[in-house]
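Visitor: Structure for the following, please:
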Amino acid sequence: MNINQELDSIRQSVLRLQLGESLTQLENYLYTYPHHREKERLDGIMSDYELMCDYWRKGFNDPARADVYRQLLCRLYSLVNDIDMRYRIRNTSFVMSVYSRTRNSRKDWSLSALRQDLESYVSETTMLSLLPENERAERSLKLNQQHQLLMRDLFDYIWTSRSWSDSLADAFEGILLSPTVDSIDQQLIVSAIMLSAMNLFDFNKFRVMAHVYQQAADERLRQRALVGWALTLNAEAARQLFTEERQLVEELVADERCRQELGELQMQLVYCTRAESDGQRIQQEIMPDLMKGNMFRVTRNGIEEVEEDPMEDILHPEETEQRMERMEASFRKMIDMQRSGSDIYFGGFAQMKRFPFFNDISNWFVPFYIDHPDIAQAVKTSNNNAFLRLALQKGPFCNSDKYSFTLAFTQVINHLPENLRELVARGEMAINEVETEELQSPAYIRRIYLQDLYRFFRLYPQRSEFRNPFDSTDSQQTLLANPLFKGTLIDKSFSSIAAFLVKQQMPSAALEVLNNVSDPTNDFNYYIQTGNLLLQSDTATLPTVMSSMSAVMAFEQALRLQPDSERALQGLARAYFYYHRYDEALKAYDRLLALRPDKKNFLLNKAVCLTNLGDYEEALKLLYRLDYENADDQNVRRVLAWALTCHGKYEQAVKIYNKLLAADHPVTDDLLNYGYCLWFSGDVTSAIGMFRQYVSDSDADLDMSKEFMTNEHRLLASHGIGDIEIRLMLDALR
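Guide: Alright, predicted model coming up:
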């Protein structure tokens with residue numbers, strides 16, 4: 001067991017409320033890996049524990065004993081996390097270099113001195129307006145350079161910090177809510193707190209972000225704080241130790257605005273994870289049409305204008321118009337993707353994160369501001385460029401991409417053709433502008449920040465040192481499935497969130513969210529959604545509570561709530577069929593047909609149930625009628641062919657299968673069923689060929705042994721095919 005595993009084991013003992021055992025484990029750990037300051041803290045906890053035990057042994061009735069026990073566990077949990085942080089600092093060169101530099105860069109890291117420096121920056125910036133213009137620019141650059149170094153060090157100081165005391169957390173909260181501290185600094189501090197609490201949970205850091213979200217007047221700061229506390233929720237620690245976290249969450253979601261923003265955040269997290277697949281779609285489906293329609297080409301020497309053939313308009317006048325229509329359609333597709341929440345610029349800007357600017361972690365999180373000293377030269381060079389100003393003010397780019405864009409712009413502009421350069425300088429190049437109202441909306445601010453985070457966790461070279469909330473295995477992917485939200489007012493939103501996740505092809509995530517509904521007793525939609533999801537989900541991936549519920553149970557409960565619901569009855573019929581309970585499925589379809597006597601799908605499904613129950617005569621009566629009324633319906637003919645096969649009417653079935661397989665888009669399963677038909681009829685050689693073609697045409701790896709020995713073993717036996725014949729067929733297919 002390595003050191004990290006030892007610490008994880010101790011942490012789990014703490015979370016299991018095994019205080020005595022945890023103290024012994026940690027004491028042994030510190031004997032092996034001694035550290036004076038942490039041993040002193042452990043001794044203090046052990047002393048308080050022994051004192052409590054002594055009172056208990058003497059028979060004293062202490063009404064506060066349970067609280068004292070929990071407080072000792074909380075202290076021990078924080079100590080284990082601090083030892084973990086020390087281990088990371090000492091054993092990771094990257095973290096060690098950041099930690100050492102920040103602690104050596106400043107002698108006084110007291111919060112009072114820090115707050116004074118942050119407030120002085122604001123006042124000095126304000127005083128710049130009183131300086132003569134020729135002095136102002138130089139003084140401004142120097143002031144911003146000094147301040148940027150301070151903020152870089154403060155950012156690194158925070159994310160490498162250990163657990164915070166109540167007083168330290170209160171001091172940071174005061175800085176973050178102070179009107180005399182710059183909002184950009186406050187936003188950057190919140191991001192650093194989030195990074196720290198993500199790696200090792202600290203209730204006091206969580207508390208600071210939650211309070212800032214509740215109280216901040218600046219919307220940009222509020223949204224960063226929301227993302228911060230939402231991505232650092234720790235249900236396990238809250239359930240066992242930090243009961244205040246649960247209380248704070250309940251208080252947060254009691255506000256309707258918070259509930260709405262959490263729902264939006266859940267959806268935006270999903271969209272962020274699709275950035276790369278969206279980028280591939282743009283490259284494969286959209287960019288080809290855009291590139292075909294433009295009048296420039298990229299060469300080794302820069303961008304060159306393509307001269308248009310003057311005869312083209314005469315010979316093919318419709319081509320130009322069609323080309324423009326394709327370009328406009330492609331552009332609209334991309335804009336629609338962006339408006340729906342897609343991160344359409346990730347792929348384009350991913351290669352622009354290699355500038356030295358992004359070597360500092362803080363620069364991945366700093367809000368864009370034009371006076372950032374690391375882009376001062378680029379801004380100065382292009383100061384009068386209208387296109388750049390417009391792109392930075394109203395372009396739909398996240399902060400990280402705006403910095404990339406600014407740094408790259410000066411390198412690209414001189415390589416453009418002269419006429420294109422003039423268009424850019426005058427701001428006449430098209431750009432997808434974002435309206436001012438949208439730029440200031442909470443949803444937009446949050447989305448832009450999440451895109452900044454996604455770029456950091458996806459592209460920063462040392463990203464492995466941080467827990468990635470966008471990783472597919474991370475629990476924050478399904479934020480609202482967090483147990484801390486169970487039983488709170490937000491669970492009324494779970495149904496709509498689950499529906500969104502289903503649309504995003506995330507059925508297991510949708511079930512996790514529905515699993516968080518505290519009391520679904522009278523919620524019809526809950527049972528309908530759950531039943532549908534259980535039918536399409538892998539039982540191995542189901543949430544623990546859901547694994548004990550079947551789709552049948554869900555739809556039965558829905559019917560109890562609404563006995564006349566066709567939707568619930570149809571779901572129940574499908575569920576019975578899914579679990580091979582064909583007699584019950586047949587009864588359900590009869591009930592449906594009593595409501596809708598001529599519904600083709602109900603009649604067809606009834607015929608399938610009859611076939612599976614061996615009542616071929618009744619099944620064929622229905623199917624002949626359906627085939628007569630729906631002569632072109634291939635599904636009807638498919639079921640008819642199978643019923644004929646099962647009933648031993650092979651010649652009729654063969655004729656239908658030949659027609660089905662001659663269709664433009666034959667169904668792979670027809671090959672399998674035709675193979676059975678041929679096998680039953682005694683044409684073993686043709687059956688072998690059909691089964692081989694079925695295996696070849698199927699996308700997934702097939703286990704034909706399971707197909708023959710389990711799925712259709714009873715059917716094969718009813719047609720005189722025993723285990724020896726099955727094994728011979730399997731050998732022939734190898």
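
Visitor: how much space between Glu651 and Gln536?
Guide: 38 Å (C-beta to C-beta, to the nearest Å). Any C-beta I mention is one placed from the backbone N, CA and C, and that applies to glycine too.

Visitor: In terms of packing, which of these two has more residues around it?
Guide: Gln536 (13 against 9; other C-beta atoms under 10 Å).

Visitor: tell me the contacts of that one?
Guide: Residues near Gln536 by C-beta atoms under 8 Å, 6 or more residues apart in numbering: Pro507.

Visitor: Leu640: which element?
Guide: Using DSSP states H and E, Leu640 maps to helix 634-646.

Visitor: So which other helices or strands are in contact with that helix?
Guide: Contact here means 3 or more C-beta pairs under 8 Å, 6 or more residues apart in numbering; DSSP states H and E; on that basis helix 634-646 packs against helix 600-612, helix 616-629, helix 650-661, helix 668-680.

Visitor: what sits up against that helix?
Guide: Contacts for helix 634-646 (C-beta under 8 Å, 6+ apart): 600, 604, 607-608, 611, 614, 616, 619-620, 623-624, 626-627, 630, 650, 652-653, 656-657, 659-660, 663, 667, 670, 673-674, 676-677, 680, 715.

Visitor: now the stretch 1-150 of the chain, which segments are flagged as low pLDDT?
Guide: 1-3 (pLDDT under 70).

Visitor: what are the ranges of the helices in it?
Guide: Here the stretch 1-150 of the chain has its helices, by DSSP state H, counting those that start in this stretch, at 3-15, 19-32, 36-57, 65-91, 93-105, 111-127, 133-159.

Visitor: For this structure, which segments count as strands?
Guide: 296-299, 302-305 (DSSP state E).

Visitor: will you turn the helices and strands packed on helix 634-646 into a markdown table that also has mean pLDDT and distance to Met151?
Guide: Listed next are the helices and strands packed on helix 634-646 as a markdown table, based on pLDDT from 0 to 100; distance: least, C-beta to C-beta, whole Å:
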| stretch | mean pLDDT | distance to Met151 |
| --- | --- | --- |
| helix 600-612 | 93 | 64 |
| helix 616-629 | 93 | 73 |
| helix 650-661 | 92 | 69 |
| helix 668-680 | 92 | 60 |
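
Visitor: Looking at these, which is nearest to Trp159?
Guide: Smallest distance to Trp159 across the helices and strands packed on helix 634-646 (C-beta to C-beta): 53.1 Å, for helix 668-680.

Visitor: Buried ones in the closest one, by neighbour count?
Guide: By neighbour count on 16 or more other C-beta atoms under 10 Å, the buried set for helix 668-680 is Asp670, Leu671, Leu672, Asn673, Tyr674, Gly675, Tyr676, Cys677, Leu678, Trp679, Phe680.

Visitor: Out of those residues, flag the one nearest to Leu17.
Guide: Checking these against Leu17 with C-beta to C-beta, the nearest one is Leu672 at 55.5 Å.

Visitor: Quick check, the closest one in contact with Arg692.
Guide: No. Counting by C-beta atoms under 8 Å, Leu672 does not reach Arg692; the two are 11.1 Å apart.

Visitor: buried residues in stretch 92-106?
Guide: For stretch 92-106, the neighbour count (16+ other C-beta under 10 Å) marks Val95, Val98, Tyr99, Thr102 as buried.

Visitor: rewinding a little: buried ones only from the contacts of helix 634-646, please, as a ChimeraX command.
Guide: Selection of buried members from the contacts of helix 634-646 for ChimeraX, criterion 16+ other C-beta under 10 Å:
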select :604,607,608,611,616,619,620,623,626,627,650,653,656,657,660,670,673,674,676,677,680,715
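
Visitor: which residues of the protein score low on pLDDT?
Guide: The chain contains residues with pLDDT under 70 at 1-3, 277-342, 382-384, 414-431, 473-476, 538-548, 700-701.
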